[in-house]
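Visitor: Here is my input, please return the structure:
(2 chains)
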Protein chains: 2
Amino acid sequence: MIKSAMQQYRATYSPKLPKALRGAVKAVSGAQTKSIGCEEDIRLLFPNTFGMPELTFETGEENAKKEAKPINAGVILSGGQAPGGHNVIAGIFDGIKKIHPDSHLYGFLMGPDGLINHQYKELTADIIDDYRNTGGFDMIGSGRTKLETKEQFDLGLEIIQKLNIDVLVIIGGDDSNTNAAILAEYYKSINAPVQVIGCPKTIDGDLKNAQIETSFGFDTATKVYSEVIGNTLRDCDSAKKYWHFIKLMGRSASHIALECALQTHPNVTVISEEVEQNNITLKEIVDYIAKIVAKRAQNGENFGTVLIPEGLIEFLPSIKKLIAELNDYLVDHEEEYRRVPEEEKHDYMTSKLSAENAEVYASLPDSVARQLALDRDSHGNVQVSLIETEKLLVYLVGKRLEEMRKAGKYNGKFSTITHFFGYEGRCSMPSNFDANYCYALGRTAACLAESGVTGYMSTVRNTTAKPEEWIAGGVPIVMMMDMERRHGSMKPVIRKALVDLEGAPYRYFSEHRKEWALKTHYRYPGPIQFFGPDELCDKPSITLSLEHPHKNSDIETF
Amino acid sequence: MIKSAMQQYRATYSPKLPKALRGAVKAVSGAQTKSIGCEEDIRLLFPNTFGMPELTFETGEENAKKEAKPINAGVILSGGQAPGGHNVIAGIFDGIKKIHPDSHLYGFLMGPDGLINHQYKELTADIIDDYRNTGGFDMIGSGRTKLETKEQFDLGLEIIQKLNIDVLVIIGGDDSNTNAAILAEYYKSINAPVQVIGCPKTIDGDLKNAQIETSFGFDTATKVYSEVIGNTLRDCDSAKKYWHFIKLMGRSASHIALECALQTHPNVTVISEEVEQNNITLKEIVDYIAKIVAKRAQNGENFGTVLIPEGLIEFLPSIKKLIAELNDYLVDHEEEYRRVPEEEKHDYMTSKLSAENAEVYASLPDSVARQLALDRDSHGNVQVSLIETEKLLVYLVGKRLEEMRKAGKYNGKFSTITHFFGYEGRCSMPSNFDANYCYALGRTAACLAESGVTGYMSTVRNTTAKPEEWIAGGVPIVMMMDMERRHGSMKPVIRKALVDLEGAPYRYFSEHRKEWALKTHYRYPGPIQFFGPDELCDKPSITLSLEHPHKNSDIETF
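Guide: Next up is the predicted model:
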């Protein structure tokens, strides 16, 4: 296999490590903790891991740890790819080897399945070196199986015991970390001598809270999307003849769309959380976009760009109701529906729905109506990621503009191009920020392993300062938990962080969006740089900079 | 307007200039030239500009040019955007200002229309500085109007005379440069005192020949595509569950797809020129891809990636025949066809076609059949760029795999994701190569202006050496011409450079494609770098490196 020059250079990068992790490290305990909600329920569910203290790692005394023992660690990648995962693993490896050279690291293959099915490989120095600072999860693969049942836990314990694993590190999003906490509680309850540690991963950026400043991968993925969005905006302003509708990955939360908007200043960005909280209808979104198209046309500018979060369609009350009724109806009538001739399907379905939903259904373009009724997963649910929301909006805005034209309120051209940016960002080479952050998370996980704790998440804070000043520590996962209704029953969960309409990133966006809508004030972030000045190469996301402004940072220049 | 840190840093980059252009410059004439074909026809069409010598610019003697006069230049951007256009303009500006500080540069707005309609703006130092090393054509806009008629030429001459323009620089592709030659001939024939100079632009890479090593923009655009293709390949190898079908911009030639294949080593790359020259049918392409999918499935790898050039569909003999018959039929029957009910359209059309074409038509998925029959431009022709060739191939390969499954020859999964990469590459910030190359082309155009010649293209050669050693010069455009049948009559044209199946880039590809098909040997070029070691930042495309190997270059490491 021939490596590119970039792959070869990037392999030589040394992540910048927080000062406290460089030499001897000591763990400093904070106060006992509670859960953020439903304290009594959570305490009952986690009797062995509730109330543990937060930990911070500080510079320790050299020579204080002559009796260190080797640590055997296992690691699992869980869920969707995010840039930097390999650096977490490299950090764990270097961390446990620093503690004792006879330590071993095992990677479970293709996600949690590897633990259950006992598929693993030992990760030696050669393998680790081959993957330093690379994107992707291809070192050991990932998977979406959820670790939830006692049977899974017991199968996992077999291989853990066989390999003498002392600590299992689970790298994943909110659900995977919730399951890490349940696994930790279970192993502790049966006195199994294995610790479980979590690491915060997701490009969606929705795993953050008072304890976690950001999840890894968000920085790199949004920088890749912002590069190509910026290029598209420059094309838009050069050709001056297209409206680009760009859908962006990120199903539950709109952090990606918001960050990309702050980076590139497109004319319209839809934020799902605003749509939901303010009960904005699809019609209102369409009217809003159409008005901006018409106003720009008045200025002679028949071009522009709209950013749309992938999950928008699930946040629209009218579509949510329609999907619910479709789901209910099709449970018993799917076969009947399939037998209806293609050209009668639309009328057939309209006749079966309530008046309100029938109206919504009738307003949709054929392709989307078909996707809603036919493309269903094995549980009979609509596959939201397959719905081409960007084409739906193009269709509806086009219809609205024709009405406005007839009413004498619009006299422009509306040529459109649609895009979906997602897969090109999840496995990019990590930015310096993510490379440093992930490596520090891995090294911190090794420190947590040495501390003997379980049910903790590895955390690195103060991330808008220079990496030297970052603060490494551990947070009891249970501390971040609350009870929520999921699939019909109350479950302990880590609360998903949605875009906060009172938060600084959204506020900055809402203060500027009018100007961005009507003027052409595009901003071009360019490709991720690894070798230039720190200001270019090490800068965190604008979201993070606004949420955790550092005293030396200059927000206006981002 | 807030600029990103990258925009601010990039503005300070000083393009590396060929040694010969740094101080005083002298023009050295070569031998008289001919045209590459149809010498007599071309000589008759270009009596005033046929047979001129090639020019090379060499270091001249300082103080030799005390009597330099100011030069007034006009510049036009013609056709699709390509990274580096602004640097050509900056090069012209700096070049004519170096010749005399009282020189002026005028930019005609929105392409050739600006010349005809007398829409222009003077490009002052402030404006130029704002656009140095930026992507896009937004400084003055571009357009696709062709300069072809005497009326247009005379309208242009009015504004040229009003502004005392000495030289008009047309930045465009093969057609725009052909028209530049016709314009030069016309102005010379009427003794109008204005020179016309061309510059070779197109991301497609199909404007190159014995005189021109590469067109600008190809380097940057293919690097952007290769970055996101590389990221997608890493995602593909991490998730291990999708086949990605990626369509790439580039209608007439497959240079973009070929360069991206050399950069990233995907499992399949279709090269339109190979399809045409070897009379490969759509069925054979589908069979070839299906066989690779099946073989990889046997190895447990139900994933992979296919690159498809945008123009492929026009190179398929069966589809070409079908389109021709559809075009002929619909000229007189479009209204009738539109009135046929949606669900009967397919049968209706099948009944009107010859047996051979009806069979092809019937084999297409509905969406593509509809695009072929309905989405036509104002001349009644199919709009090839709207046809979703990537979805067509997914559909046909899926059908073929089901046949193979029934025959017991395939037992895998075929989940697919489609992409189109185009708009994100045309307006990227130019790579160092394109920034240097374009600036040198602009400076060379200024030298050609000073030399008093007309009908020349600005050329910069030896481009796989260091920029200091690049060779600047001018080539009579007529020298690159031949006669070809276009729209029913013989026209003088610059021959489009298609992928040469005997050339080194294609040969390298064909020697490796079997290995790339079955193994997973992806290569990840990463994002364009501006600030690192020369090896990363200044390296030209692999295509160029293979076509013009430099004695110091190491092909294997590209």
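
Visitor: Now do the same for residue A:238: helix, strand or coil?
Guide: For residue A:238, the assignment made with DSSP: H, G, I helix; E, B strand; the rest coil gives helix.

Visitor: which residue packs closest to it, ignoring adjacent ones?
Guide: Distance criterion C-beta to C-beta, 6 or more residues apart in numbering or on different chains; nearest residue to residue A:238, sequence neighbours excluded, is residue B:137 at 4.1 Å. C-betas here are computed from N, CA, C, even on glycine.

Visitor: how many neighbours does residue A:120 have?
Guide: Applying the criterion other C-beta atoms under 10 Å in any protein chain shown, we find 20 residues in the vicinity of residue A:120.

Visitor: hang on, isn't it packed against residue A:163?
Guide: Yes. Distance between residue A:120 and residue A:163: 7.4 Å, which falls inside the contact criterion (C-beta atoms under 8 Å).

Visitor: and the gap between residue A:426 and residue B:181?
Guide: For residue A:426, the distance to residue B:181 (C-beta to C-beta, to the nearest Å) stands at 48 Å.

Visitor: Get me the contact residues on the stretch 1-150 of chain A for chain B.
Guide: Contacts of the stretch 1-150 of chain A with chain B, taken as C-beta under 8 Å from any C-beta of the partner chain, map to A:1-7, A:9-10, A:81, A:110, A:134-138, A:141-142.

Visitor: Mind checking which of the residues you listed land in helices?
Guide: Using DSSP state H, the members of the residues of the stretch 1-150 of chain A next to chain B that fall in helices are A:5-7, A:9-10.

Visitor: among those, which ones are buried?
Guide: A:5-7, A:9-10 (16 or more other C-beta atoms under 10 Å in any protein chain shown).

Visitor: would JSON lines of those residues with pLDDT be doable?
Guide: Output for those, formatted as JSON lines (pLDDT from 0 to 100):
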{"residue": "A:5", "pLDDT": "93"}
{"residue": "A:6", "pLDDT": "94"}
{"residue": "A:7", "pLDDT": "95"}
{"residue": "A:9", "pLDDT": "95"}
{"residue": "A:10", "pLDDT": "95"}
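
Visitor: Quick check: of the residues you listed, which lies closest to chain B?
Guide: Each of these was scored against chain B by C-beta to the nearest C-beta, and residue A:6 proved nearest at 3.7 Å.

Visitor: and the gap between the closest residue to the closest one other than its chain neighbours and residue A:141?
Guide: In space, and not counting its chain neighbours, residue A:6 is closest to residue B:526: 3.7 Å by C-beta to C-beta, 6+ apart. When C-beta to C-beta is the yardstick, residue B:526 and residue A:141 sit 22 Å from each other.

Visitor: Neighbour count: those two, which is higher?
Guide: Counted by other C-beta under 10 Å, residue B:526 and residue A:141 do not tie: residue B:526 has more neighbours, with 24 against 21.

Visitor: Which residues are in contact with each of residue A:120 and residue A:163?
Guide: With C-beta atoms under 8 Å, 6 or more residues apart in numbering or on different chains applied, the overlap between the contact sets of residue A:120 and residue A:163 consists of A:74, A:106.

Visitor: ok so, going back, name the residue in residue A:426 and residue B:181 with the higher neighbour count.
Guide: Neighbours of residue A:426 and residue B:181, each counted by other C-beta under 10 Å, are more numerous for residue B:181; the result is 29 against 25.

Visitor: In the stretch 451-558 of chain A, what residue spans correspond to helices?
Guide: Using DSSP state H, counting those that start in this stretch, the helices of the stretch 451-558 of chain A run over residues A:504-518, A:534-537, A:542-547.

Visitor: low-confidence ranges in the stretch 301-450 of chain A?
Guide: Low-confidence regions of the stretch 301-450 of chain A, defined here as pLDDT under 70, cover residues A:375-381, A:385.

Visitor: Could you list the residues of it in contact with chain B?
Guide: Listed as neighbours of chain B in the stretch 301-450 of chain A under the rule C-beta under 8 Å from any C-beta: A:341-343, A:417, A:419, A:423-429.

Visitor: In PyMOL, select just the buried ones from the residues you listed.
Guide: To isolate in PyMOL the members of these that are buried, counting by 16+ other C-beta under 10 Å, one can use:
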select buried, chain A and resi 417+419+423+424+425+426+427+428+429
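
Visitor: of the residues of the stretch 301-450 of chain A next to chain B, closest to residue A:30?
Guide: When those are compared for distance to residue A:30 (C-beta to C-beta), residue A:426 comes out closest, at 34.6 Å.

Visitor: so what's the closest one closest to, chain neighbours aside?
Guide: For residue A:426, the closest residue by C-beta to C-beta, 6+ apart turns out to be residue A:81, at 4.2 Å.

Visitor: low-confidence ranges in chain A?
Guide: Across chain A, the ranges flagged by pLDDT under 70 are A:1, A:64-66, A:375-381, A:385, A:551-558.

Visitor: Just give me the residue closest to the centre of it.
Guide: Centre of chain A computed as the mean C-alpha position; nearest residue by C-alpha atoms, centre = their mean is residue A:204, 2.1 Å away.

Visitor: In a helix, it, correct?
Guide: No. In this structure, residue A:204 is coil, not part of a helix, as judged by three-state DSSP.

Visitor: residues touching it, list them.
Guide: When the contact criterion is C-beta under 8 Å, 6+ apart, the partners of residue A:204 are A:173, A:215, A:218, A:249-253, A:255-256.

Visitor: With respect to chain B, which of the residues you listed is nearest?
Guide: Among the contacts of residue A:204, and counting by C-beta to the nearest C-beta, the member closest to chain B is residue A:249, at 11.2 Å.

Visitor: Can you give me the neighbour number for the residue nearest to the closest one when sequence neighbours are not counted?
Guide: What sits nearest to residue A:249 in space, not counting adjacent residues and going by C-beta to C-beta, 6+ apart, is residue A:422, at 3.5 Å. Close neighbours of residue A:422, defined as other C-beta under 10 Å, add up to 22.

Visitor: One more: residue A:495?
Guide: Once other C-beta under 10 Å is used to define contacts, residue A:495 is seen to have 15 neighbours.
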